[in-house]
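>>> I need the structure of the sequence given here:
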Amino acid sequence: MGLFRIRLQIYNLADRRKENRFRWWLKNNIGEPPVKFDSLKIERSKVMMTNYLLNKGYFYAEIDHSVEKQSTGLKTVYYTIRAKDLYRLGEIAFQTDTTKIRSLVNENMNQTLLKTGDPFDVDVMQRERERISRLLRDNGYFYFNREFVSFDLDSTVSDKKIDVLLRVNQPQNERRHQQMKIRNIYVYPDYDPDVSQLNLELDTVKTDNFYIIRKEQNVKSATLINNILINPGDLYSITEYERSLAQLSDLGIFRFVNIRYQEVTNSNELDCLIFLTPAKRQEMSVEAEVNTHSETVIGAGLMYRYRNRNIFRGAEVLSFNVSGGVDFDWESSTQLINTSDFQFEAGLLVPKFMIPVNLQSIYRGVRPKTRFTTRFNYLNRFDFYTVFSSNFLFGYEWRGRNFQRFHSLYPISFNLVSFDKENANPAFLEILERSPLLNSSFSNQFILGLNYNMIWNTQPFRSRENFFYFIWNIDIAGNMLNAVKSLYSNIDEEVDREKIFSIPYSQYAKTEGDFRYYINTGEYNSLVLRLNAGLAVPYGNSEVLPYVKQFFAGGPNSIRAWRVRSLGPGGYNIEEDDVENLELRQVFFDQTGDIKIEANLEYRFDIIGFFKGAVFTDIGNIWLLREDSLRPYAEFSPDRFYREIAVGGGLGARLDFNFFVIRFDFGFPLRDPAQRDNPWRFNQIRKWSLDDMNFNLAIGYPF
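Below is the predicted model:
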């Protein structure tokens, strides 16, 4: 947790005894040597702090130090800093010998980082050099770099003010800064860096100054050209270079993408050479898993995955996933296998917007994609019920131009859920009949709607700055079907407006937001805050939300002190239910709701190497919009909902291999809203046992 020097203790432990191979490895690879007192480092620290203050505008800062020796032999160093006066920026001017550069910089001075009256800061001035350099390189100045930008500083003009003269210097040789244009673009879509291209028989296809040079037709020319944002005849632009690099890589069909520029002799033109090394076109894998979720139930599963990255030579990705699993109950006297689950999924991802209108000029650079997905799932809980569901998804995905936002819009989202109640357990059917809301949740459902998702991620690349991550989802279903049914009803009054193909269709609106803020508190430690809230409202043709669309709480990515779908809704207590078969009730009635409010706070810290730890607190619950006679205190009430907030805390251990994380979380319920008279459980801490703890095993971080 950053409070204990575990690595130092390991070093001392290994160093006390005679060294062998294991102790040497323990001391030098896991341990950390003690920090020894060094007076020379004190002086170097004073110099570094003085330089830092100088760079921040404190030109006459003074630093002294003193050393205090403790009875334990440790020494404490105290630094006394007198910062004195802070110097600020005065008049800011710009000078260059090139009229075009002066005009370009002056037109963009509203973006300058240097403001009169701001504190003098060398770091800000360095970023201003980068800004001007990038501005010029985005406008054709291919050979320009930040070293051509310099500053003349004058502190004699006014008291505690520094005037800044920003200069763009010319190269030392005779060549002056000049704008470069793109002449031709040469694309090698099957380039092999290990094979010389000189003796190969290559085919060349020319399209508007694009030259496609290759051995075979492995990818369509239009696919390549549409994903190259560099255009013949345009000025050189580093932004278009970076976006082209990202967009070609994002196609997923190339192992390496390399873009180079070559100057045309005696001209101000550049030829662009793009070398693309193909990746393996097809891949397949088989995965097996074994798990347990009780003392007597063991599950086993098998999955087959297939992917073709360039099925129609347009960088389309075709994928198939087939999986199956069974649960064995070793203590069951009637049925060894109590659950079977089979799923098939097929998907096609096309790297463009498949729409009749040409939006090429609008969406270039946003990595457009069109997705088709079909899923079929069969779930049989023997002796209880069977569920068959099918799903079809069609829509578009794209990124914002700053690459921080990702959007997906699925105008067609079709879902058909069918429950087989004829062979269901009679006790299960009896409970459904007692609760109209629960019975509606387990009825056949036809869902046709629209879905929109937005992801906003400000995480910097290769930096430990604080950042946030936000997900927003909107799901609307049934409006189109309801409109069609209304049209038909004007013609034929006998048409049943509540069903399509003899199956009731769902009508609802649902939205959910998930905000996460990551605060780096040290080199290896961080604090993560998460807020998650959602609201779903059934209306029109639906009295209750489809079961597959309802919210739930608990589990490894939610409130970890409760099992998945076992918390809530509201203050409902399942143990107070008068249903005789408690086991049946607990197994099949996963708790779901229409409203969700949740917050998480987690402190993550380094222990040793890839072994990391965490301390967390989770709060929240779910609620129903309407009263349910079978579940008292489950509906949302402004007068009492805050008293129905669950609180859980716990400890976590993680094996973080960078590319793969195995997570162990141990959660304890601190406040249980189901215990309405006395929800807090601090007075029971001494009586806690393993039965009070909820263990979560998961892959990846919870958020």
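>>> all contacts plus neighbour counts: C-alpha atoms, from now on.
OK.
>>> I figured residue 27 hits residue 16, correct?
No. Using C-alpha atoms under 8 Å, residue 27 is not in contact with residue 16, being 10.4 Å away.
>>> More neighbours: these two, which one.
A direct count of neighbours by other C-alpha atoms under 10 Å for residue 27 and residue 16 places residue 27 higher, at 22 against 9.
>>> Using the three-state scheme, assign the more buried one.
helix (DSSP: H, G, I helix; E, B strand; the rest coil).
>>> ok, now which ones touch it?
Taking C-alpha atoms under 8 Å, 6 or more residues apart in numbering, we find residue 27 in contact with 10, 11, 12, 14, 15.
>>> and if you look at residue 519?
465, 466, 467, 526, 527, 528.
>>> now these in a markdown table, with secondary structure?
Formatted as a markdown table, the contacts of residue 519 follow (three-state DSSP):
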| residue | secondary structure |
| --- | --- |
| 465 | coil |
| 466 | coil |
| 467 | strand |
| 526 | strand |
| 527 | strand |
| 528 | strand |
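>>> Residue 368 is in contact with residue 349, isn't it?
No. Using C-alpha under 8 Å, residue 368 makes no contact with residue 349, being 10.3 Å away.
>>> ok, and the closest non-adjacent residue to residue 366?
Computed as C-alpha to C-alpha, 6 or more residues apart in numbering, the closest residue to residue 366 that is not its neighbour in sequence is residue 399, at 4.8 Å.
>>> ok, that neighbour to residue 454 distance?
Here residue 399 is placed at a distance of 10 Å from residue 454 (C-alpha to C-alpha, to the nearest Å).
>>> for residue 57, same thing?
In this view, residue 57 and residue 454 are 42 Å apart by C-alpha to C-alpha.
>>> More neighbours: the two, which one.
Each of residue 57 and residue 454 has its neighbours counted (other C-alpha under 10 Å); residue 57 has more, 23 against 19.
>>> ok, now how distant is the more buried one from residue 605?
Residue 57 is 35 Å from residue 605, by C-alpha to C-alpha.
>>> can you check residue 525 too?
4 Å.
>>> Neighbour count: those two, which is higher?
Taking neighbours as other C-alpha under 10 Å, residue 525 and residue 605 compare with residue 605 leading, 23 against 18.
>>> Assess the claim that the more buried one and residue 613 are in contact.
Yes. If you go by C-alpha under 8 Å, residue 605 and residue 613 touch, sitting 5.4 Å apart.
>>> can you give me the helices in this protein?
6-15, 21-25, 39-55, 99-107, 122-137, 221-226, 238-250, 360-363, 426-434, 436-441, 479-491, 582-588 (DSSP state H).
>>> what's the least confident stretch among those helices?
Lowest mean pLDDT within those: helix 582-588, at a mean of 49.
>>> List of residues touching stretch 231-242?
Here stretch 231-242 has contacts from 134, 137-142, 179-185, 208-210, 229-230, 259, using C-alpha under 8 Å, 6+ apart.
>>> Spit out the contact partners of the nearest residue to residue 417 once chain neighbours are set aside.
Excluding its sequence neighbours, the residue lying closest to residue 417 (C-alpha to C-alpha, 6+ apart) is residue 389, at 4.3 Å. With contact set as C-alpha under 8 Å, 6+ apart, residue 389 has these partners: 376, 377, 378, 415, 416, 417, 418.
>>> Roughly how far does residue 389 sit from residue 371?
20 Å.
>>> Kindly report the same for residue 411.
11 Å.
>>> Kindly report the same for residue 119.
If you go by C-alpha to C-alpha, the gap between residue 119 and residue 371 works out to 51 Å.
>>> If you count surrounding residues, which of the two has more?
residue 371 (22 against 19).
>>> Dihedrals phi and psi, residue 253?
phi -110, psi 0 (degrees, to the nearest 10).
>>> what sits opposite residue 342 in the beta ladder?
Counting by DSSP bridges, residue 342 is bridged to residue 324, residue 378.
>>> Verify the stated contact: it with residue 381.
No. Taking contacts as C-alpha under 8 Å, residue 342 lies outside contact range of residue 381: 12.0 Å.
>>> How far does stretch 152-168 stretch from one end to the other?
11 Å.
>>> cool, stretch 306-325 as well?
Stretch 306-325 end-to-end distance (C-alpha to C-alpha) = 18 Å.
>>> residues of it that come out buried?
306-311, 314-325 (16 or more other C-alpha atoms under 10 Å).
>>> repeat for stretch 539-552
Buried-residue list, stretch 539-552, by 16+ other C-alpha under 10 Å: 541, 542, 543, 544, 545, 546, 547, 550, 551, 552.
>>> contact partners of that stretch?
Contacts of stretch 539-552 (C-alpha under 8 Å, 6+ apart): 437, 440-442, 445, 478, 482, 498, 505-508, 534, 536-538, 564-565, 567, 591-596, 622.
>>> repeat that for 6 Å
441, 506, 507, 508, 538, 565, 592, 593, 594 (C-alpha atoms under 6 Å, 6 or more residues apart in numbering).
>>> and if you look at stretch 60-73?
By C-alpha under 6 Å, 6+ apart, the list of residues contacting stretch 60-73 reads 75, 76, 77, 78, 79, 80, 81, 82, 83, 84.
>>> just curious, which of those is nearest to residue 250?
residue 83 (50.0 Å; C-alpha to C-alpha).
>>> ok, now how distant is residue 194 from residue 276?
13 Å.
>>> neighbour-wise, which of the two wins?
For residue 194 versus residue 276, neighbours defined as other C-alpha under 10 Å are more numerous around residue 276 (22 against 6).
>>> Could you pull out the strands in the stretch 601-703 of the chain for me?
611-623, 646-656, 661-671, 694-699 (DSSP state E, counting those that start in this stretch).
>>> Pick the most buried one from those.
Comparing the strands of the stretch 601-703 of the chain by mean neighbour count (mean count of other C-alpha atoms under 10 Å), strand 611-623 comes out on top with a mean of 23.
>>> Could you check the angle that one makes with strand 661-671?
Computed by axes from the mean of the first three to the mean of the last three C-alpha atoms, to 10 degrees, the angle separating strand 611-623 from strand 661-671 equals 50 degrees.
>>> That's all I had, so thanks and see you.
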